[in-house]
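S.K.: all I have is the shape, not the residue letters:
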C-alpha cells in the first residue's frame, strides 16, 4: 500500500529540491564551489570511460607522457628496457665489464728520529706525485721507559731530557724537509704529530683510511730506533690490515720499480698483496713470478691458480716464471731469488702463526721484513 504524502520525512523533500543558482552577491569562493558541484552532477556522455580504463586510454593517447603515479616508499622504480640492456649507449656498443682497481689516492708515511726518515719522506713524496695522491705525514715515537726506583730518578731525568732533545731536533728537521717538498707535484699534503697516543695505535688508526702505508725497516745500529717498540712493522701490519711498503735501511730504493718479483703462496694475504701492487706493476717493465707448490708436503697435487689471466684483466703480463720452490719456503730462499733477478720490489703476503695467544708473522716473513735489501710490499 503506497504511503501517504504526510508520512514522508522532511529530509527527503530537502534532498529532492534542486540546487539554487549562485547569487551575484556571494563570494567568488562560494560561486566557484557551486559551479564545481554543478559540473560534478552533470551526466557523462555515453562514450566516456572511467576508472582504470580511462587511465589506460590516456596513456595510449600520449605514449611519451611520463608516469607521475606516486610509488610506495622503499620500492625502487623499475628500470626501462633501454636502461636494462644498455640501449642508450648506442646500437652495436657492448659495455665493458672488466674489473678495475682504484689507483693510489692517499699515502701515509711514518717518520721518526732515525736517520732514514728523510729517505722515506722522499720516496713517499715521489709516489704521491707519480700517482697524484694525497700525502699524509705522521711523526710518532714512543716515550722512553722510565724507572720508578728512587736511586734512578736522576738517570731517568737525564735520559728523558736527551730523548726530548733528540725528538725535537729530528722533528724540526723532518718538518723542514716536508715544507720544502710541499706543493711540488703533490695535490694535497698534511703533517700530524702523534704525541699523546701509542705509536702503533696512532699509525694503525690513520692507516685505516689510507691506500698505502710507508714504513721503515728496523735498524739495530741506529740509537733512535729504540724510540719504536719491538716488532713495529709487524704490529702495524697486523693492526691496520692495509698494504705496507717497507723501505730498507740499505740497498737500492726507487719510487718506480722497473722489476717486480711476486712471491706467490696460495693464501688470502698474498692475493690481497697482489691486488694492492697493481698500481706498481702497471708502471713496471718486467714482472717475475716465483711460488711454492704444493703449499704443504701433505697436500695432494692440485693445479695452480691462473694468475696470468687475472693480471691480464688489469693490463699486466708476467714476463718470467721462476721454477717453483720447495713447499717449506724460507726467507733466505726468497731473498736469494730477489738478489739473482735484481728485483726492485718484492710483493708478498705475511703468513701468521699463533704465538703467546696472539697472531705473529712466521719466520720467513720476519726474515724478509728485517733483512731485505729491496723495497717490500707486504700485506696481512
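M.R.: Nice, I can see it. Since the structure is predicted, the reported quantities are computational estimates derived from the model, not experimental observations.

S.K.: and residue 180, how many neighbours?
M.R.: When neighbours are counted by other C-beta atoms under 10 Å, residue 180 registers 11. For every residue, glycine as well, the C-beta is placed using N, CA and C.

S.K.: tell me the spacing between residue 324 and residue 208.
M.R.: Between residue 324 and residue 208 the computed distance is 36 Å (C-beta to C-beta, to the nearest Å).

S.K.: higher neighbour count, those two?
M.R.: Neighbour count, other C-beta under 10 Å: between residue 324 and residue 208, residue 324 has more, with 15 against 12.

S.K.: hang on, that one packs against residue 291?
M.R.: Yes - judged on C-beta atoms under 8 Å, residue 324 makes contact with residue 291 at a distance of 5.6 Å.

S.K.: and the closest residue to residue 334 other than its chain neighbours, bridged to which residues?
M.R.: Nearest residue to residue 334, sequence neighbours excluded (C-beta to C-beta, 6 or more residues apart in numbering): residue 263, at 5.4 Å. Using DSSP bridges, the beta-bridge partners of residue 263 come out as residue 290.

S.K.: also residue 375?
M.R.: Bridge pairing for residue 375 - DSSP bridges - gives residue 345.

S.K.: who are the neighbours in contact with it?
M.R.: By C-beta atoms under 8 Å, 6 or more residues apart in numbering, residue 375 lies in contact with 245-248, 253-254, 257, 344-346.

S.K.: need the residues you listed in CSV (columns: pLDDT).
M.R.: CSV is the format used below for those (pLDDT from 0 to 100):
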residue, pLDDT
245, 97
246, 97
247, 96
248, 95
253, 90
254, 90
257, 94
344, 96
345, 97
346, 96
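
S.K.: please, a PyMOL command that selects the buried ones among those?
M.R.: Here is the PyMOL selection string for the buried members of the contacts of residue 375, based on 16 or more other C-beta atoms under 10 Å:
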select buried, resi 245+246+247+248+253+257+344+345+346
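
S.K.: pick the one among the contacts of residue 375 closest to residue 229.
M.R.: Distance to residue 229 across the contacts of residue 375 (C-beta to C-beta) is lowest for residue 246, with 16.1 Å.

S.K.: element containing the closest one, please.
M.R.: strand 244-247 (DSSP states H and E).

S.K.: now tell me what touches stretch 158-175 from outside.
M.R.: Contacts for stretch 158-175 (C-beta under 8 Å, 6+ apart): 111-114, 117-118, 121, 137, 139, 141, 143-144, 146, 191, 193, 224, 227.

S.K.: please pull out the lowest mean pLDDT helix or strand from the chain.
M.R.: Least confident helix or strand, the chain: helix 81-85 with a mean of 38, by mean pLDDT, DSSP states H and E.

S.K.: what pairs with the helix or strand that comes right after that helix, parallel or antiparallel?
M.R.: With elements assigned by DSSP H and E, the helix or strand that comes after helix 81-85 is strand 106-111. Here strand 106-111 is paired, per DSSP bridges, with strand 134-140 (parallel), strand 212-216 (parallel).

S.K.: circling back: which one of the contacts of residue 375 is nearest residue 177?
M.R.: Proximity of these to residue 177 was ranked by C-beta to C-beta; the top entry is residue 247 with 15.0 Å.

S.K.: is that closest one in contact with residue 120, as I believe?
M.R.: Yes - if you go by C-beta under 8 Å, residue 247 and residue 120 touch, sitting 5.1 Å apart.

S.K.: between those two, which contacts overlap?
M.R.: Common contact partners of residue 247 and residue 120 (C-beta under 8 Å, 6+ apart): 214-216.

S.K.: where does this structure have low pLDDT?
M.R.: Scanning the chain for pLDDT under 70 picks out 1-102, 144-156, 292-304, 325-329, 352-361.

S.K.: mind listing what's buried in the lengthiest helix in it?
M.R.: The residue-count maximum for a helix in the chain (DSSP state H) belongs to helix 153-181. Neighbour-count burial for helix 153-181 flags 163, 167, 170-171, 174, 177-178, 181 (criterion: 16+ other C-beta under 10 Å).

S.K.: next SSE after it?
M.R.: That would be, after helix 153-181 and using DSSP H and E, strand 189-194.

S.K.: now for that following strand, which elements pack on it?
M.R.: strand 134-140, helix 153-181, helix 199-207 (3 or more C-beta pairs under 8 Å, 6 or more residues apart in numbering; DSSP states H and E).

S.K.: nearest approach to residue 267 belongs to which of those?
M.R.: Among these, helix 199-207 sits nearest to residue 267 (C-beta to C-beta), with 20.9 Å.

S.K.: okay, angle between the closest one and strand 134-140 too, please.
M.R.: Per axes from the mean of the first three to the mean of the last three C-alpha atoms, to 10 degrees, the angle that helix 199-207 makes with strand 134-140 is 170 degrees.

S.K.: what sits closest to residue 261 if chain neighbours are left out?
M.R.: residue 343 (3.8 Å).

S.K.: could you look up the SS state of the one you found?
M.R.: Here residue 343 takes the coil state, with states given by DSSP: H, G, I helix; E, B strand; the rest coil.

S.K.: OK, contacts around it?
M.R.: Going by C-beta under 8 Å, 6+ apart, residue 343 touches 257, 259-261, 288, 337, 374.

S.K.: now, of those, which are buried?
M.R.: Buried subset of these (neighbour count, 16+ other C-beta under 10 Å): 257, 259-261, 288, 337, 374.

S.K.: of those, closest to residue 237?
M.R.: Nearest member of the buried ones among the contacts of residue 343 to residue 237, counting by C-beta to C-beta, is residue 374, at 17.7 Å.
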